[in-house]
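Colleague: got a structure for you, letters missing:
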């Protein structure tokens, strides 16, 4: 019943938007949950531009940002049903889908920087994980960066003990749940589109996000404090319905692969810059007080969160964790 409702809702949306009027082009509905002016939003727009260009109009890409079409709780099921063709969900979404290995990306302090991260996403580990999606009817195309996360709350959170009892919103991830438990916080799983209101009304006390997500969703307007902990990474996998993808003419698929490669380079190239811009804008707004960790504070954060990696090794796969650490040069 739920699946039928989702499919029917999307169909109604498409008809109301006039999507059914364009019968000739191959339509790719690309849904995502963040704002257009984020790294993912800009990457999606770049893919649309290049896909339509390289296929000479044989493909029409329709972008639905900001959960206009689907909330993040619904989108993977909708893709598997074929009700939407393309998504770029956060990597944490694949754990609840049954591919727990993707939760390696959620582990705290596993990636020292973007270069280390890309040695994983562009290497054997990254490919191996994308290949696991095929059994779920999903074709993995690329990894897109957002960035490294900071913590925010309505009380100071400079030290791990400051989290004691705070209700912290997280994505649905056993690793993120363990992370908050290690800090003494109370993890609260919640759809991304609901976070601003939950922060505003006090349903949750704080959350974790890269600066670009925090800024574009205006969370800085309802969070008094933030700590630049850079404790974890938020990235996305661009995915398509496998049956749809396999059914495309070879020349169209080749052109879309080219468009995806170039839009991936573009999206990942701007991610760090977009987060730096967002941080500058939030500091200028003056509604949130930002704290940079001292060396001693950072050491304490790392020590507090280190057990999470060991705790989750059995769930994710100890060998995969070790190979990821080796590829990233994690100490």
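Modeller: In hand now; what should we look at? All figures in this text were calculated on a predicted structure; none of them were measured in a lab. Residues are numbered from 1 along each chain as shown.
Colleague: what ranges does the stretch 51-200 of the chain have for its strands?
Modeller: 59-64, 86-87, 138-148, 150-153, 167-170, 186-189 (DSSP state E, counting those that start in this stretch).
Colleague: mind putting those into JSON lines with mean pLDDT and mean neighbour count?
Modeller: Backbone N, C-alpha and C define where each C-beta goes, glycine included. JSON lines is the format used below for the strands of the stretch 51-200 of the chain (pLDDT from 0 to 100; neighbours: other CB atoms under 10 Å):
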{"stretch": "strand 59-64", "mean pLDDT": "98", "mean neighbour count": "19"}
{"stretch": "strand 86-87", "mean pLDDT": "98", "mean neighbour count": "26"}
{"stretch": "strand 138-148", "mean pLDDT": "97", "mean neighbour count": "23"}
{"stretch": "strand 150-153", "mean pLDDT": "98", "mean neighbour count": "26"}
{"stretch": "strand 167-170", "mean pLDDT": "98", "mean neighbour count": "22"}
{"stretch": "strand 186-189", "mean pLDDT": "98", "mean neighbour count": "17"}
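Colleague: tabulate those (JSON lines), appending distance to residue 241.
Modeller: Listed next are the strands of the stretch 51-200 of the chain as JSON lines, based on distance: least, CB to CB, whole Å:
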{"stretch": "strand 59-64", "distance to residue 241": "14"}
{"stretch": "strand 86-87", "distance to residue 241": "8"}
{"stretch": "strand 138-148", "distance to residue 241": "7"}
{"stretch": "strand 150-153", "distance to residue 241": "34"}
{"stretch": "strand 167-170", "distance to residue 241": "28"}
{"stretch": "strand 186-189", "distance to residue 241": "26"}
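Colleague: among these, which comes closest to residue 98?
Modeller: When the strands of the stretch 51-200 of the chain are compared by CB to CB, strand 138-148 sits nearest residue 98, at 11.3 Å.
Colleague: what packs against the closest one?
Modeller: helix 39-54, helix 75-81, helix 114-121, helix 124-131, helix 211-216, strand 233-241, helix 242-246, helix 250-285 (3 or more CB pairs under 8 Å, 6 or more residues apart in numbering; DSSP states H and E).
Colleague: figure out which of the ones you listed is closest to residue 169.
Modeller: helix 211-216 (11.7 Å).
Colleague: for the following helix or strand past that closest one, the averaged confidence score.
Modeller: Per DSSP states H and E, the first helix or strand lying C-terminal to helix 211-216 is strand 225-228. The pLDDT scores in strand 225-228 average 98.
Colleague: quick one: contacts of strand 225-228?
Modeller: 150-158, 214, 220, 279, 282, 288-293 (CB atoms under 8 Å, 6 or more residues apart in numbering).
Colleague: who are the contact partners of residue 169?
Modeller: By CB under 8 Å, 6+ apart, the contact set of residue 169 is 188, 189, 190, 195, 198, 199, 204, 206, 207, 208.
Colleague: what bridges to it?
Modeller: residue 188, residue 207 (DSSP bridges).
Colleague: for it, give its distance to residue 76.
Modeller: Remark: distance between residue 169 and residue 76 (CB to CB, to the nearest Å) = 19 Å.
Colleague: the residue most central in space within the chain and residue 59, how far apart?
Modeller: Centroid check for the chain by CA atoms, centre = their mean gives residue 90 as the closest residue, at 2.6 Å. Distance, residue 90 to residue 59, using CB to CB: 25 Å.
Colleague: remind me which residues of the stretch 151-300 of the chain are low pLDDT?
Modeller: By pLDDT under 70, the stretch 151-300 of the chain contains no weakly predicted segment.
Colleague: quick one on the thing from earlier: do you know which of the strands of the stretch 51-200 of the chain lies nearest residue 237?
Modeller: Of all these, strand 138-148 comes closest under CB to CB, at 5.5 Å.
Colleague: okay, now the sheet partners of that closest one, with direction.
Modeller: Strands that pair with strand 138-148, judged by DSSP bridges, come out as strand 233-241 (antiparallel).
Colleague: dump the residue contacts of residue 112.
Modeller: Residue 112 touches 328, 329, 330, 331, counting by CB under 8 Å, 6+ apart.
Colleague: nearest to residue 133, of these?
Modeller: Lowest distance from residue 133 to those (CB to CB) belongs to residue 328, with 21.6 Å.
Colleague: could you double-check that that closest one lies in contact with residue 118?
Modeller: No: here residue 328 lies out of contact with residue 118, judged by CB atoms under 8 Å, at a distance of 9.3 Å.
Colleague: got the buried residues for stretch 76-87?
Modeller: 76, 77, 78, 79, 80, 83, 84, 85, 86, 87 (16 or more other CB atoms under 10 Å).
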